[in-house]
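A.B. asks: no sequence on hand, only this structure:
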C-alpha cells in the first residue's frame, strides 16, 4: 500500500523565519495530498491540499509544492508565528482507492516556533 | 454549520469489554471515515462509510467494525478490547461520494483500555 514518510520529525525555527516540511510517497499514481495541523489536545485541521494536476498552491503564509517525478511534496510556512507551533501531518490517497476518501498519513512533524 | 462531533470524548474500559463510539458528520456530508491515532503508529485508516455502505477497510482485525445510518451518523465498535486498542479514535466527514474530498475531523474519542 501507500507509504508516506515525513522529514524532519522535529523542526525548531525562530519566529519570523520560514519552515519547510517534506514528505515522500511511494505510490506514483497517488493524486491527492492534504496537509493537516494538529495542536496539542485538538483535532487535526486541514490547512492546505494539492492535487496531482497542480505543482504549487498558496494560501497566505502557507504553500505546498508537489514534485510527481521525485514523488515528494512539501509544506512551506513563511513568517512563522508562535501559533504555528503544532504537529503537521501530510497524507496521500493511494491510487487503488480512487473513488473513496482513504488517506495514508505520515507520522507527523513537530514544529516549534521560538519567540 | 456545526462541525463534526464525536461521543463520548473519553472512555475507560477493561480488557475483554466492547465499546461503541459515535460520530455525527457535518450536516450534508455523506462520507464518514474512521482513523486510529497512537503515538507510535500515527494516524491509521480504519474504514470509510458512504450511503450506509462500507467502501474501504484498513488493516485492522475483525474486532473493529462500523456502520452508518441513513442520517449519515456513524458508529464504530471494538469488541474484546486489548491494551493495544488504547488510542484516540477520530472520525472525519466529507461532503460528497467521489474521491479525494476534503475531510474534516471530529475532536476524537480517547479510549483507554486497562
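C.D. replies: Okay, I see it. Because the structure is a prediction, the values reported are computed rather than measured.

A.B. asks: how about the residues of chain B near chain A?
C.D. replies: B:4, B:31, B:33, B:35, B:42-45, B:48, B:50, B:55-56, B:58, B:90, B:92, B:94, B:98-108 (Cβ under 8 Å from any Cβ of the partner chain). Heads up, the C-betas are built off the backbone N, CA and C, glycines and all.

A.B. asks: of these, buried ones?
C.D. replies: B:4, B:31, B:33, B:35, B:42-45, B:48, B:50, B:55-56, B:58, B:90, B:92, B:94, B:99-101, B:103-108 (16 or more other Cβ atoms under 10 Å in any protein chain shown).

A.B. asks: now, which of the residues of chain B next to chain A lie within strands?
C.D. replies: The strands, defined by DSSP state E, take in B:31, B:33, B:35, B:42-45, B:48, B:50, B:55-56, B:90, B:92, B:94, B:104-105 from those.

A.B. asks: interface residues of chain A facing chain B?
C.D. replies: Counting by Cβ under 8 Å from any Cβ, the residues of chain A that sit close to chain B are A:31-32, A:34, A:36, A:42-46, A:49, A:51, A:89, A:91, A:93, A:97-108.

A.B. asks: give me the buried entries from these.
C.D. replies: By neighbour count, with 16+ other Cβ under 10 Å, the residues of chain A next to chain B hold A:31-32, A:34, A:36, A:43-44, A:49, A:89, A:91, A:93, A:97, A:100-108 as buried.

A.B. asks: give me the neighbour count for residue A:53.
C.D. replies: The local packing of residue A:53 (other Cβ atoms under 10 Å in any protein chain shown) involves 8 other residues.

A.B. asks: mind listing what it touches?
C.D. replies: By Cβ atoms under 8 Å, 6 or more residues apart in numbering or on different chains, the contact set of residue A:53 is residue A:31.

A.B. asks: how near is it to residue A:31?
C.D. replies: 8 Å (Cβ to Cβ, to the nearest Å).

A.B. asks: what's the answer for residue B:68, then?
C.D. replies: 25 Å.

A.B. asks: equivalent analysis for residue B:105, please.
C.D. replies: Note on residue B:105: its distance to residue A:31, by Cβ to Cβ, is 21 Å.
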